[in-house]
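Undergrad: Provided below are the primary sequence and the corresponding predicted coordinates.
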Amino acid sequence: MKLRILPSLLALFFISLLVAVSCTPSPQTSTSGNSAATPTNTKPIQFGFSAWPGWFPWQIAQEQKLFEANQVNVDLKWFDGYLDSINALRAGQLDANTQTLNDTISSVAAGSDQVIVLVNDNSTGNDKIIVREGINTIADLKGKKVAAEEGTVDHFLLLLGLKKAGLTQADIQFQPLETGAAAAAFVAGQVDAVGVFAPFTTKALSRPGSKELFSSKDFPGAIPDHLVVTRQLINQRPQDVQALVNTWFATLDFMRENQAKAYEIMAKRAGVSVAEYQAYDAGTKIFTLEENLQAFNPGNNMTSLRYAAEEISKFLVESGLIKQAPNLNQIFDDRFIKAYAAKQKS
């Protein structure tokens, strides 16, 4: 579920914004500035994020001091490995983290008390299964070496694709590797296929003859990405959770009004050129306020988070990624989205 540690988020992405208004821990880096400049004396919220087009905007929030503008003290920590950020939240080393729905369900199933308070985006193509030359169908993966970060989002995507073709993980030679390492192994010719997310897709596709076999675009609504916080943070500091949500929408406003600067900041954090980053635009759909409100409502398809959670939970159990489905009744809390929406109307 979670191992997406991060193509085309931003052309369509910014257009949508204009219209509407993704073991041994790898190094983590604090990107915060001088905490003395923060307009609050409370203990900093330990906030993790990692490589994914829908989460790079948090770097903008940091650099443009939007956390401070919304009166919240945040120590924003960058994780080179997505799974490490997930494990850090589970271990109580973080108060908040950026995570997919399936990875959050897995954490809750493992006993972690986590709550989704915001939808950042939906993956619409930036999670990919990339294959070498000669592999043309999912059925062609049978017996082949396929790498992905075990138990993460692109492992989840791989299993979805296999199931669609009537296969299971037992039909392939699964190679569990951290996302960056998986991309490198694929480029080096050590595996036949790889499950990666942007920006690691760029590296994987640099292998001559490689191509996308399928992506999250083929499974609409299966990979939503979120701001996830501990229940303890909600109980003890609800005003700061609200401030995090407010900061997100302030960041989207900044991106809409300062597109060139926003691209520059996000591309730098991603370690790619602005042109390369813009290629990710169509693969990530950033959610507007209205889309957030709709997503938290009950429904009977994958556009509803509650419905999606039930379906994903069943799949995770069937695939052996979790032992039993967790109680999903308290995994979502839309009060902060609703409060922000009410404030915009007043």
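TA: On my side now, so go ahead. Please read all numbers here as calculations on a predicted model, not as lab measurements. Numbers count the residues shown, from 1 in each chain.
Undergrad: can you pull the contacts of F254?
TA: F254 sits next to 60, 64, 66, 262 when contact means Cβ atoms under 8 Å, 6 or more residues apart in numbering. The C-beta positions use only the backbone N, C-alpha and C, and glycine is treated the same way.
Undergrad: ok, it to N70 distance?
TA: 12 Å (Cβ to Cβ, to the nearest Å).
Undergrad: quick revisit: for PyMOL, what selects the buried ones among the contacts of F254?
TA: Of the contacts of F254, the buried ones can be selected in PyMOL as follows, counting by 16 or more other Cβ atoms under 10 Å:
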select buried, resi 60+64+66+262
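Undergrad: quick one: which of the contacts of F254 sit in helices?
TA: If you go by DSSP state H, the contacts of F254 have 60, 66, 262 in helices.
Undergrad: any idea how far the residue nearest to the last one when sequence neighbours are not counted lies from L76?
TA: Nearest non-adjacent residue to A262, counting by Cβ to Cβ, 6 or more residues apart in numbering: M255, 4.2 Å away. M255 is 17 Å from L76, where distance means Cβ to Cβ.
Undergrad: just F56 next, same as before
TA: 12 Å.
Undergrad: neighbour count: those two, which is higher?
TA: Just comparing F56 and L76: by other Cβ atoms under 10 Å the higher neighbour count belongs to F56, 29 against 22.
Undergrad: let's verify A222: helix, strand, or coil?
TA: coil (DSSP: H, G, I helix; E, B strand; the rest coil).
Undergrad: residue contacts, it?
TA: Contacts of A222 by Cβ under 8 Å, 6+ apart are 102, 123, 156-157, 160, 216, 302, 308, 312.
Undergrad: then A61?
TA: By Cβ under 8 Å, 6+ apart, the contact list for A61 reads 67, 76, 247-248, 250-251.
Undergrad: name the nearest residue to it, sequence neighbours excluded.
TA: That would be T251: by Cβ to Cβ, 6+ apart, it lies 4.6 Å from A61.
Undergrad: surely the one you found meets W58?
TA: Yes. Judged on Cβ atoms under 8 Å, T251 makes contact with W58 at a distance of 7.3 Å.
Undergrad: which of the two has more residues huddled nearby?
TA: Legend: neighbour count by other Cβ under 10 Å for T251 and W58, higher for W58 (27 against 21).
Undergrad: that one is in what secondary structure piece?
TA: Assigned by DSSP states H and E, W58 belongs to helix 57-63.
Undergrad: for that helix, the averaged confidence score.
TA: Here helix 57-63 scores 98 as its mean pLDDT.
Undergrad: out of the ones in helices among the contacts of F254, who's nearest R237?
TA: Nearest to R237, judged by Cβ to Cβ, of the ones in helices among the contacts of F254 is L66 at 18.2 Å.
Undergrad: got the residue ranges for the strands in the stretch 101-250 of the chain?
TA: Taking DSSP state E, counting those that start in this stretch as the test, the strands found in the stretch 101-250 of the chain are 114-123, 127-131, 145-148, 173-176, 193-197, 211-215, 224-230.
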